[in-house]
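Engineer: I'll drop the sequence and a predicted model, then ask my questions.
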There are 2 protein chains.
Amino acid sequence: MKTIISAFLLFVSGISAVPAYGVDSESFVAQTNIPQASYPRVDSRNRAHFRIHAPEANDVKVDICGHKYDMKRGEDGHWTVVTSPLVVGFHYYFIVVDGVSVIDPSSEAFYGCGRMAGGIEIPEDTAVSAYYTFDRNIPHGQVRECRYYSEIENSDRRCFVYTPAEYETEPSRRYPVLYLQHGMGEDERGWHQQGKMANILDNQIASGKCVPMIVVMDYGNCGYIFGARPGETRDEFGASFTPIMLNELIPFVEKTFRTLTDRDNRAMAGLSWGGHETFQTTLRNLDKFSHIGAFSGALFFLSDGLENAYDGIFNDAEKFNSRVHTFFLGMGTEENFGSDKISEALTEAGIKHTYYSSEGTHHEWLTWRRCLNEFLPLIFKQKDDVAYEN
Amino acid sequence: MKTIISAFLLFVSGISAVPAYGVDSESFVAQTNIPQASYPRVDSRNRAHFRIHAPEANDVKVDICGHKYDMKRGEDGHWTVVTSPLVVGFHYYFIVVDGVSVIDPSSEAFYGCGRMAGGIEIPEDTAVSAYYTFDRNIPHGQVRECRYYSEIENSDRRCFVYTPAEYETEPSRRYPVLYLQHGMGEDERGWHQQGKMANILDNQIASGKCVPMIVVMDYGNCGYIFGARPGETRDEFGASFTPIMLNELIPFVEKTFRTLTDRDNRAMAGLSWGGHETFQTTLRNLDKFSHIGAFSGALFFLSDGLENAYDGIFNDAEKFNSRVHTFFLGMGTEENFGSDKISEALTEAGIKHTYYSSEGTHHEWLTWRRCLNEFLPLIFKQKDDVAYEN
């Protein structure tokens, strides 16, 4: 029997059991680690402590938040480093082993940066983070993985669908639907795994802050990095998603789930490139959407002038304002993705919208959790006074 | 605007765009890769071709199926290797960069080996693999991520629940439940991601081979490697799952889903250490379970003699046979995890059971897909003749 166990342990090579010695008493294990990994850790100053066993390596770095930190080799072959204080929120990171960027063996893996990446959560005060934290005392919705066949792509696709807790207990009720898109280099997993959208929805629905809704997260065909697909121009990047969404995803969702299917009850929002996709999709299809959100995104169209954007849709403010029930823009104060510029131009043109500024956050998931938290209470509360006409 | 894009591309550092040159005309991109990655590839001889950019590394290997293959450095800093022909099925693998085992940047990541790992699928002939392949022409069930609070652990837990396609359209129907466990070093994602259980269920339900059922996949508390938790003995490894399953998971599932809750309609099966957990849980709780499966697992108890196992349950064959409607053991011909020895001992003791031998497969997911495929048609078809008594 012992030889079987030995064979198994040989089979599962590549394990780095990390004993918990040398621990800073103020630091705690990052919640984004795999089970039993005692590093990376985060301390009370929001510094991350990394540690990896690499006795044969010549140079090991941590690549996080735009900086590369040199790790220092200890006599036991473990390399360690403590970063500068990091901004709160979720950050992708890589360990660079002799020039090769790889996932820290101690980290859970997240799809971002056009590949699987390590991730670390620098937590906020619990009072501040409560809105995206699991609350044991409220009912919880489900995130369902669904697969459907796309004739357009000639392949099966995967989407995730959040259903509110009461979906199970109210079998005759129908719900409005929010289509929620990830950013460049990410995929349909992002909003749930990195964005903690299920916690945000559960908490808001339980407190009555937003209405119970279905949320659909699909792949925006922009999960690889800009320019990586041969021959694709910027205009085309991710554009293949819109026809799939309109002609295949929405019909699939409305056939499979108990949905409300009029424009009053259909929203779309996205972060970064997903905000761009949201504008591309909704502003040319207002017969289908009346609630629109762009989080740190949708900036490119402005360079051609607001008056030329989307077939001149912003030139008739009264018409636009009567059709679009929610028009939301948001961005972090520490990034520069242009949402504030769009908001200024829209204000000048008389276009009603909400602009949210996320204090102290970068182009990362904490900005987008906050944007979602601000966006949700606004949607599905206004209705068309008169029937929509083109 | 260009500076924003440049900043973004700096932010998402660590990308290895892999141009598709030097491609063996007979080979194709592995289906387990991330989008746009043209390596690893698999050729018609079932050899895997690996490639990684590591201009500064001194030594790069691929660690797969118990072998380490030295990669060879090309002048452009790309390292490549072609393996020997590999056995069909799903294999975890690592790239070893100057002694550090890491996930290939071109691979999707899978939880296995007690950590996130790379994975590669060596496909079978399409006729053979049809049972675990997505079929666009049939209805598809959903895999739902659910979270529930465990008083025993004082933390929230995650499980995945497969519901059959008709669950959405038959709102008053109740379904039997199979609890399906992963193996050592894996977690609740394994059966869906590596095991392709949703395809197997969809295909069997559509053809009428198995009855429509709910399948629950939870974390067996054995996802770290044996001995990694300080002070834990072999007997205790993963044992904390049984009380959680009986007292918290099953009540949660039966409260949340439309389930049939008698022992005729509750099954449990698991692979490797999950098979051991299945025996530990079911054989002491036959008032709750009547269908039992162990795939390449549950071997340890035999060393103390069948007559001493599980409070002597195998000593009264007639009683056992009348209570246990399905008793299934399976194993690959290329592994040595003892299921055949258990089967021989059971036969000698007059215990009715099914033994399945998977031709040509190792201790990996293809064995377990096949075992599941053999197990499903057997369960939920027999009922107790008389009420169960202890």
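Structural biologist: Structure received.
Engineer: what's in contact with stretch A:121-140?
Structural biologist: Taking contacts as CB atoms under 8 Å, 6 or more residues apart in numbering or on different chains, the residues outside stretch A:121-140 that touch it are A:30-32, A:42, A:46, A:48, A:86-91, A:165-166, A:196, A:198-200, A:202-204, A:206, A:366, A:369, A:373, B:146-149, B:156. Quick note: C-beta positions are derived from backbone N, CA and C, even for glycine.
Engineer: those in helices, which ones?
Structural biologist: Counting by DSSP state H, the part of those found in helices is A:198-200, A:202-204, A:206, A:366, A:369, A:373.
Engineer: between those residues, which is closest to B:Glu335?
Structural biologist: Of all these, B:Glu335 sits closest to A:Ala198, with 38.3 Å by CB to CB.
Engineer: the closest one contacts A:Phe160, correct?
Structural biologist: No - using CB atoms under 8 Å, A:Ala198 makes no contact with A:Phe160, being 9.5 Å away.
Engineer: settle it for me: which of these two has more neighbours?
Structural biologist: A:Phe160 (26 against 23; other CB atoms under 10 Å in any protein chain shown).
Engineer: sec struct for the closest residue to chain B within the stretch 201-350 of chain A, please.
Structural biologist: Residue of the stretch 201-350 of chain A nearest chain B, by CB to the nearest CB: A:Tyr224 (4.2 Å). Three-state assignment for A:Tyr224 (DSSP: H, G, I helix; E, B strand; the rest coil): coil.
Engineer: show the pLDDT at A:Gly66.
Structural biologist: We note a pLDDT of 89 for A:Gly66 in this prediction.
Engineer: could you measure from it over to B:Pro105?
Structural biologist: Distance of A:Gly66 to B:Pro105, given as CB to CB, to the nearest Å: 19 Å.
Engineer: A:Arg157: what's its closest spatial neighbour, skipping adjacent residues?
Structural biologist: Leaving aside its sequence neighbours, A:Arg157 sits nearest to A:Ser150 (CB to CB, 6 or more residues apart in numbering or on different chains; 5.1 Å).
Engineer: counting neighbours, what do you get for the closest residue in space to the residue of the stretch 201-350 of chain A closest to chain B that isn't next to it in sequence?
Structural biologist: In space, A:Tyr224 comes closest to B:Gln36 once its chain neighbours are excluded; the distance is 4.2 Å by CB to CB, 6+ apart. Neighbour count of B:Gln36, defined by other CB under 10 Å: 19.
Engineer: any idea of the pLDDT on B:Gln36?
Structural biologist: 87.
Engineer: contact partners for the closest residue to A:Gly74 other than its chain neighbours?
Structural biologist: If the residues on either side of it in the chain are set aside, A:Gly74 comes closest to A:Thr80, at 6.5 Å by CB to CB, 6+ apart. By CB under 8 Å, 6+ apart, the residues touching A:Thr80 are A:22, A:49-51, A:71-72, A:74.
Engineer: try 10 Å this time
Structural biologist: A:22, A:39, A:49-52, A:60, A:62, A:71-74 (CB atoms under 10 Å, 6 or more residues apart in numbering or on different chains).
Engineer: same check on A:Tyr355?
Structural biologist: A:327-331, A:339-340, A:342-344, A:346-347, A:374.
Engineer: and the helix or strand that it is a member of, what's buried?
Structural biologist: Following DSSP states H and E, one finds A:Tyr355 within strand A:354-358. Residues A:355-356, A:358 are the ones in strand A:354-358 that count as buried (16 or more other CB atoms under 10 Å in any protein chain shown).
Engineer: cool, stretch A:330-338 as well?
Structural biologist: Quick answer for stretch A:330-338 (16+ other CB under 10 Å): A:330-332, A:335-338.
Engineer: ends of that stretch, what's the gap?
Structural biologist: One end of stretch A:330-338 sits 10 Å from the other (CA to CA, to the nearest Å).
Engineer: now it: how far from the chain's centre is it?
Structural biologist: 15 Å (CA atoms, centre = their mean, to the nearest Å).
Engineer: and for stretch A:55-64?
Structural biologist: Using CA atoms, centre = their mean, the offset of stretch A:55-64 from its chain centre is 29 Å.
Engineer: what's the end-to-end length of that stretch?
Structural biologist: End-to-end for stretch A:55-64, by CA to CA: 22 Å.
Engineer: and what of stretch A:80-100?
Structural biologist: By CA to CA, one end of stretch A:80-100 lies 17 Å from the other end.
Engineer: what about it, average pLDDT?
Structural biologist: 96.
Engineer: stretch A:310-320 too?
Structural biologist: Rounded mean pLDDT across stretch A:310-320 is 95.
Engineer: what residues of that stretch count as buried?
Structural biologist: Here stretch A:310-320 shows A:313-314, A:320 as buried, counting by 16+ other CB under 10 Å.
Engineer: quick one on the thing from earlier: can you tell me which of the buried residues of strand A:354-358 lies closest to chain B?
Structural biologist: Using CB to the nearest CB, the buried residues of strand A:354-358 come closest to chain B at A:Ser358, 17.0 Å.
Engineer: that closest one contacts A:Leu271, doesn't it?
Structural biologist: No - assessed by CB atoms under 10 Å, A:Ser358 is found out of contact with A:Leu271, at 11.6 Å.
Engineer: find residues that contact each of these two.
Structural biologist: With CB under 10 Å, 6+ apart, A:Ser358 and A:Leu271 have common neighbours A:295-296, A:330, A:367-369, A:371.
Engineer: which of those are close to chain B?
Structural biologist: Applying CB under 10 Å from any CB of the partner chain, the subset of these adjacent to chain B is empty.
Engineer: which of those residues sit farthest apart?
Structural biologist: Pairwise over these, using CB to CB, the maximum falls at A:Ser296 and A:Arg369, 11.9 Å.
Engineer: please say which of the two ends up with more neighbours.
Structural biologist: Using other CB under 10 Å, the more surrounded residue of A:Ser296 and A:Arg369 is A:Ser296, with 29 against 26.
Engineer: for that one, give me its contacts.
Structural biologist: The contact partners of A:Ser296, by CB under 10 Å, 6+ apart, come to A:183, A:270-275, A:329-332, A:335-339, A:358, A:361-364, A:367-368, A:371.
Engineer: just the strands in the stretch 1-150 of chain A please.
Structural biologist: For the stretch 1-150 of chain A, the strands defined by DSSP state E, counting those that start in this stretch cover A:28-29, A:41-42, A:47-53, A:60-64, A:67-70, A:72-73, A:78-85, A:89-97, A:100-102, A:109-112, A:115-122, A:142-150.
Engineer: given the fifth one, what are its sheet partners and their directions?
Structural biologist: Pointing back at strand A:67-70 there. Within its sheet, strand A:67-70 is paired with strand A:60-64 (antiparallel), according to DSSP bridges.
Engineer: just want the angle from the partner strand to strand A:47-53.
Structural biologist: 140 degrees (axes from the mean of the first three to the mean of the last three CA atoms, to 10 degrees).
Engineer: could you check how far the nearest residue to A:Asp218 once chain neighbours are set aside is from B:Glu364?
Structural biologist: Distances taken as CB to CB, 6+ apart put A:Cys159 closest to A:Asp218, at 4.1 Å, once the chain neighbours are dropped. Between A:Cys159 and B:Glu364 the computed distance is 29 Å (CB to CB).
Engineer: could you do A:Gly190 as well?
Structural biologist: Applying CB to CB to A:Gly190 and B:Glu364 gives a distance of 30 Å.
Engineer: do the same with A:Ile205
Structural biologist: Taken as CB to CB, the span from A:Ile205 to B:Glu364 is 42 Å.
Engineer: looking at these two, which is more packed in?
Structural biologist: Set side by side, A:Ile205 and B:Glu364 show more neighbours around B:Glu364, with 25 against 21, by other CB under 10 Å.
Engineer: could you report the pLDDT at the more buried one?
Structural biologist: Listed pLDDT for B:Glu364 reads 92.
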